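>>> pasting the structure only:
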């Protein structure tokens with residue numbers, strides 16, 4: 001059973017989402033404001049947060065930022081518009097995925113499962129049988145699912161961690177944004193590559209000395225991303 005914290009101000013949406021999650025065996029706590037959502041984090045101890053962006057008082061974006069300051073808890077944005085600039089800002093603030101409202105219980109369930117699987121990346125894709133490896137200032141421990149930079153553990157969100165593990169498992173290979181979207185976010189259709197670009201930006205901000213001149217997560221122009229320096 002997954003404990004879900006739903007932060008959504010529309011009572012009708014709250015009822016619909018809670019009903020759908022309950023039918024799938026999830027325990028859901030629903031609140032209507034960002035302030036109540038932050039207060040509920042300690043009491044509920046959720047496994048995942050479903051977060052509306054358009055909230056009264058404290059915005060969903062601010063809630064997302066505050067959660068990310070203290071936790072790698074998976075966050076899925078609920079957005080009324082898939083092309084809304086707030087979705088991009090929300091992803092840059094630390095959200096792992098988003099669902100466009102109105103959405104069926106099956107769609108929400110699928111996105112939740114995909115995000116939760118990123119907490120424990122599979123061994124086939126991440127090389128989890130190996131011990132810690134050191135690359136530059138980074139120590140990547142695939143068994144403990146931790147990344148340290150000069151001895152200090154980095155607070156990587158679930159998507160950031162799996163992206164780093166996935167790329168670093170094949171340092172000589174370039175992956176397209178669509179490939180990464182399918183492997184990390186499990187979007188099998190032609191999906192939104194903003195998820196990939198926002199995650200790369202966040203990851204670079206945490207692992208690179210200068211995110212404008214990345215050493216670890218490199219852009220291969222016209223193709224996608226790879227781990228490690230580009231050939232001279």
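Nice, thanks for sending it over. No experiment lies behind these values; they were computed from the predicted model shown.
>>> Going by C-alpha atoms from here, please, whenever you check contacts or count neighbours.
Noted.
>>> Quickly note the distance from the residue positioned nearest the centre of the chain to residue 78.
Centroid-nearest residue in the chain: residue 96, 2.2 Å away (criterion: CA atoms, centre = their mean). Distance from residue 96 to residue 78, counting by CA to CA, to the nearest Å: 11 Å.
>>> correct me, but residue 102 touches residue 80?
Yes - the pair residue 102 / residue 80 is scored as a contact, 7.1 Å apart, by CA atoms under 8 Å.
>>> Just confirm the residue nearest to the centre of the chain contacts residue 74, I think it does.
Yes - using CA under 8 Å, residue 96 makes contact with residue 74 at a distance of 6.3 Å.
>>> list the residues that contact both of these two?
115, 157, 158 (CA atoms under 8 Å, 6 or more residues apart in numbering).
>>> So residue 96 versus residue 178, what's the distance?
Distance of residue 96 to residue 178, given as CA to CA: 16 Å.
>>> just the strands in this protein please.
3-7, 27-31, 48-52, 75-79, 97-100, 133-135, 138-141, 146-149, 152-153, 175-176, 217-220, 224-227 (DSSP state E).
>>> And the residue lying closest to residue 30 once chain neighbours are set aside, what's its pLDDT?
Nearest-residue entry for residue 30: residue 6, 4.6 Å, with adjacent residues in sequence omitted and distances by CA to CA, 6 or more residues apart in numbering. At residue 6, the pLDDT value in this model is 97.
>>> Can you name the residues that contact residue 6?
Residue 6 sits next to 14, 28, 29, 30, 31, 37, 49, 50, 51 when contact means CA under 8 Å, 6+ apart.
>>> quick check, nearest of these to residue 163?
Closest approach to residue 163 among the contacts of residue 6 (CA to CA): residue 49, at 20.2 Å.
>>> Isn't that closest one up against residue 73?
Yes - if you go by CA under 8 Å, residue 49 and residue 73 touch, sitting 7.4 Å apart.
>>> who touches residue 23 in this structure?
Residue 23 touches nothing, counting by CA under 8 Å, 6+ apart.
>>> distance of it from residue 106?
From residue 23 to residue 106 the distance is 11 Å (CA to CA).
>>> Same question for residue 73.
Going from residue 73 to residue 106 by CA to CA gives 22 Å.
>>> Settle it for me: which of the two has more neighbours?
residue 73 (22 against 12; other CA atoms under 10 Å).
>>> quick one: the helices in this structure?
11-23, 34-44, 60-70, 85-93, 105-117, 123-126, 158-168, 177-184, 194-207 (DSSP state H).
>>> Can you say which of these is nearest to residue 215?
From those, taking CA to CA, the stretch that ends up closest is helix 194-207, at 9.0 Å.
>>> The closest one packs against which elements?
Packing partners of helix 194-207 (3 or more CA pairs under 8 Å, 6 or more residues apart in numbering; DSSP states H and E): helix 85-93, helix 158-168, helix 177-184.
>>> So for it, mean pLDDT?
91.
>>> Taking their axis directions, that helix and helix 85-93 sit at what angle?
Interaxial angle of helix 194-207 relative to helix 85-93 (axes from the mean of the first three to the mean of the last three CA atoms, to 10 degrees): 30 degrees.
>>> List the contacts of helix 194-207.
Counting by CA under 8 Å, 6+ apart, 88, 91-92, 94, 96-97, 138, 149, 154, 156, 159-160, 164, 177, 180-181, 211, 214, 216-217 sit against helix 194-207.
>>> what's the offset of that helix from the middle of its chain?
10 Å (CA atoms, centre = their mean, to the nearest Å).
>>> Can you mark which positions in that helix are buried?
Buried residues in helix 194-207, counted by 16 or more other CA atoms under 10 Å: 195, 196, 197, 198, 199, 200, 201, 202, 203, 204, 207.
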